[in-house]
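K.L.:
my questions are about this predicted structure, shown below with the sequence.
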Amino acid sequence: MTESTTAPDLRTGRCQCGDIAYEVAGVPDDPHLCSCGHCTLLSGSPAMAWVGFRRETLIWTGRGGEPTWYSTWPTLRRGHCARCGTHLVSVADGSDMVMVTTFSLTGQSDGLESVGHSFRQRAMPWMTVTLAPDPLHS
């Protein structure tokens, strides 16, 4: 039997200008859209796409180091590039997970289709999203 020597599911991401870059590893968790008031104001769009990874796998690799942090809630911080403004991550106090913006991943968003929509009641009426079946009703 041969063992793999590659990192499990290593993914990279970056901001638009490239100053802030990161790596995350492991199995992606909870790919979803969010239409909360914070996400719609931050993005200027009807929703943001997020996907979670274990917080301890996040490594900042770009020349700019860590992003600039902004608290959008008393227990929630969001990281963005101070130079180009790209929003990259969201971290809740005490959580083992970090949420990254799906499309900040560098060409590696395949297989990360949103299966949920937070604050869907606030979504624009013209938005339609095909969601995975509810596991309780399938």
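P.N.:
The structure has been received and is ready for your questions.

K.L.:
please name the residues that touch the most centrally placed residue in the chain.
P.N.:
Nearest to the mean C-alpha position of the chain, counting by CA atoms, centre = their mean, stands residue 100 at 2.1 Å. Counting by CB atoms under 8 Å, 6 or more residues apart in numbering, residue 100 makes contact with 13, 22, 24, 50, 51, 52, 53, 58, 88, 89. Every C-beta, even on glycine, is put in place using the N, C-alpha and C of the backbone.

K.L.:
which one of the residues you listed is nearest residue 31?
P.N.:
Set against residue 31, the nearest of the contacts of residue 100 by CB to CB is residue 51 (4.3 Å).

K.L.:
the closest residue to that closest one other than its chain neighbours: what secondary structure?
P.N.:
Spatially, and ignoring its direct neighbours in sequence, residue 51 is nearest to residue 31 (4.3 Å; CB to CB, 6 or more residues apart in numbering). Under DSSP: H, G, I helix; E, B strand; the rest coil, the three-state class of residue 31 is strand.

K.L.:
next one: the one 10 residues further on
P.N.:
Applying three-state DSSP to residue 41 yields a three-state assignment of helix.

K.L.:
and it, what pLDDT?
P.N.:
Looking at residue 41, its pLDDT reads 91.

K.L.:
go on, residue 123?
P.N.:
Among the per-residue scores, residue 123 shows a pLDDT of 84.

K.L.:
let me see the contact set for it.
P.N.:
Neighbours of residue 123 in contact, by CB under 8 Å, 6+ apart: 33, 35, 46, 47, 117, 129.

K.L.:
correct me, but the second one touches residue 114?
P.N.:
No. Taking CB atoms under 8 Å as the definition, residue 35 is not a contact partner of residue 114, at 11.4 Å.

K.L.:
which helix or strand in the protein has the lowest average pLDDT?
P.N.:
Of all the helices and strands that make up the chain, strand 116-118 has the lowest average by mean pLDDT, DSSP states H and E, namely a mean of 85.
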